[in-house]
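Trainee: Predicted model and sequence below, questions to follow.
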Amino acid sequence: MMLVFMVLAVILSVALIVLVTIQPRQTQIFSTDATSNIGKPSYWASQPIRKMLTLAISIALFILLLIYDCFL
């Protein structure tokens, strides 16, 4: 059972690292005001499937580590 948890943790960790690495970068310009972003897509509008998958894998890894810590 412990081996299954370790293998799942490694797989989820590597998947999370890869997904975070391929996330699109957003530039931050502090000199412009909030009105300059009107009409531009929001953060979740660009590539939502990749971002939701990253969120789901990070939650799954968190829950796996909680279960591993509580029950083993």
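Mentor: That came through fine. Residues are numbered from 1 along each chain as shown.

Trainee: alpha carbons only for contacts and neighbour counts from here, please
Mentor: Fine.

Trainee: centre of the chain versus stretch 50-57, how much separation?
Mentor: Here stretch 50-57 is found 5 Å from its chain centre; the criterion is Cα atoms, centre = their mean, to the nearest Å.

Trainee: Contacts for it next, please.
Mentor: L12, A15, L16, L19, V20, Q23, W44 (Cα atoms under 8 Å, 6 or more residues apart in numbering).

Trainee: Please name the spatially closest residue to the fifth one (chain neighbours excluded).
Mentor: Pointing back at V20 there. T54 (6.9 Å; Cα to Cα, 6 or more residues apart in numbering).

Trainee: Give me the secondary structure label for that neighbour.
Mentor: Secondary structure state of T54, per DSSP: H, G, I helix; E, B strand; the rest coil, is helix.

Trainee: Can you give me the buried ones in the helix or strand harbouring V14?
Mentor: Assigning secondary structure by DSSP states H and E places V14 in helix 2-21. Buried residues in helix 2-21, counted by 16 or more other Cα atoms under 10 Å: L8, A9, L12, A15, L16, L19.

Trainee: How about stretch 59-72?
Mentor: Buried residues in stretch 59-72, counted by 16+ other Cα under 10 Å: L61, L64.

Trainee: Could you check how far it is from the centre of its chain?
Mentor: Chain-centre distance of stretch 59-72: 17 Å, with Cα atoms, centre = their mean.

Trainee: ok so, going back, quick one: which of the contacts of stretch 50-57 is nearest to F62?
Mentor: L12 (9.7 Å; Cα to Cα).

Trainee: Which strand or helix spans the nearest residue to the closest one once chain neighbours are set aside?
Mentor: Closest residue in space to L12, ignoring its immediate chain neighbours: L61 at 6.0 Å, by Cα to Cα, 6+ apart. Secondary structure assigned from DSSP H and E places L61 in helix 48-71.
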